[in-house]
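>>> can't give you the sequence, but here's the structure:
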């Protein structure tokens, strides 16, 4: 099951301090990593100024293995409170730094670097490995070892070739309707107005070999309000209520993401 989520860039509007916004993004990233989200779409909602850039930056920062962050992310104000971020600890991050532990077939994230006119890839083992691919210097890549220690050699591979979960990608969209209109798969819209999310309702989507996009509204507006009259034009979409008996007036976005994905995961594996 290939699962993606769509969240509004106004998702942080209920937090006033940057440190609290940073913490909220961290919780969202952890939830997405736990349930193997393929892509996080951050969509714009209207013309009001929001925290979209902050959200995208921190989501990308968290998905990047720790040893690559200094090379890929210069010091900037958006990362001022990076110290409060919780590590994802996904397979692409849990990699030994000892070169002697590397075996043929191992997969790593790395960055292409240049030294004395030659190109290498840095995979976090305090040893540069010759690189003969087409990716330009300074770019992050996924590599697989053709030879383990001591004759270390690598080849560049596509992220889709990795058998384990290898992290999410982050994409920005100008508006939600265009994303839904172009989506090639099924859509689950989270809404208090939807049908109760039962195993039968969810299995109609999870048992079909098509990608699924789970859509969340903002702290101020639900998905139906955001899209308005265009909702009737959205194809292959089902509105589901994942919190049918909630006692609280509202469900915060980070709670909605974690709870919704947990329910989908449970019904998909049961």
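Looks like it arrived, so ask away. Given the structure is predicted, the values throughout are model-derived calculations rather than measurements.

>>> quick one, what contacts residue 208?
residue 186 (C-beta atoms under 8 Å, 6 or more residues apart in numbering). From N, CA and C alone the C-beta is placed, and that goes for glycine too.

>>> all numbers from here: first residue = 377
Done: numbering now begins at 377, and the last item shifts to residue 584.

>>> gap between it and residue 544?
Going from residue 584 to residue 544 by C-beta to C-beta, to the nearest Å gives 22 Å.

>>> was I right about residue 589 contacting residue 381?
Yes. Using C-beta atoms under 8 Å, residue 589 is in contact with residue 381, at 7.3 Å.

>>> who touches both of those two?
Common contacts of residue 589 and residue 381 (C-beta under 8 Å, 6+ apart): residue 417.

>>> burial measure for residue 378, as a count.
Neighbour count for residue 378, taken as other C-beta atoms under 10 Å: 13.

>>> Could you find the closest non-adjacent residue to it?
residue 587 (4.2 Å; C-beta to C-beta, 6 or more residues apart in numbering).

>>> Need the per-residue pLDDT for that neighbour.
For residue 587, the pLDDT comes out at 95.

>>> That one touches residue 561, doesn't it?
Yes. Under the criterion of C-beta under 8 Å, residue 587 makes contact with residue 561 at 3.7 Å.

>>> okay, and the common contacts of these two?
Listed as contacting both residue 587 and residue 561 by C-beta under 8 Å, 6+ apart are residue 378.

>>> so what pLDDT did residue 621 get?
Note on residue 621: pLDDT of 89.

>>> Please settle this for me: is it part of a strand?
No. If the criterion is DSSP: H, G, I helix; E, B strand; the rest coil, then residue 621 is coil and not within a strand.

>>> mind listing what it touches?
Counting by C-beta under 8 Å, 6+ apart, residue 621 has no contacts.

>>> one more time with 10 Å
Counting by C-beta atoms under 10 Å, 6 or more residues apart in numbering, residue 621 touches residue 572.

>>> wait, doesn't residue 469 sit right on residue 443?
Yes. Between residue 469 and residue 443 there is a contact at 9.1 Å, judged by C-beta atoms under 10 Å.

>>> Quickly list what's touching both of these two.
Jointly contacting residue 469 and residue 443 under the rule C-beta under 10 Å, 6+ apart are residue 485.

>>> Same question for the longest strand anywhere in the chain: list its buried residues.
Assignment by DSSP state E gives strand 562-572 as the longest strand of the chain. For strand 562-572, the buried set under the neighbour-count rule, 16 or more other C-beta atoms under 10 Å, comprises 562-567, 570.

>>> Turn those residues into CSV, columns for pLDDT and distance to residue 506.
Below are the buried residues of strand 562-572 laid out as CSV (pLDDT from 0 to 100; distance: C-beta to C-beta, whole Å):
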residue, pLDDT, distance to residue 506
562, 94, 44
563, 95, 45
564, 96, 46
565, 95, 49
566, 96, 48
567, 92, 53
570, 91, 54
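
>>> Between which two of the residues you listed is the distance greatest?
562 and 567 (15.6 Å; C-beta to C-beta).

>>> So, low pLDDT: which residues of the stretch 527-646 of the chain?
Scanning the stretch 527-646 of the chain for pLDDT under 70 picks out the ranges 645-646.

>>> For the stretch 477-626 of the chain, just list every one of the helices.
552-558, 575-582, 599-603 (DSSP state H, counting those that start in this stretch).
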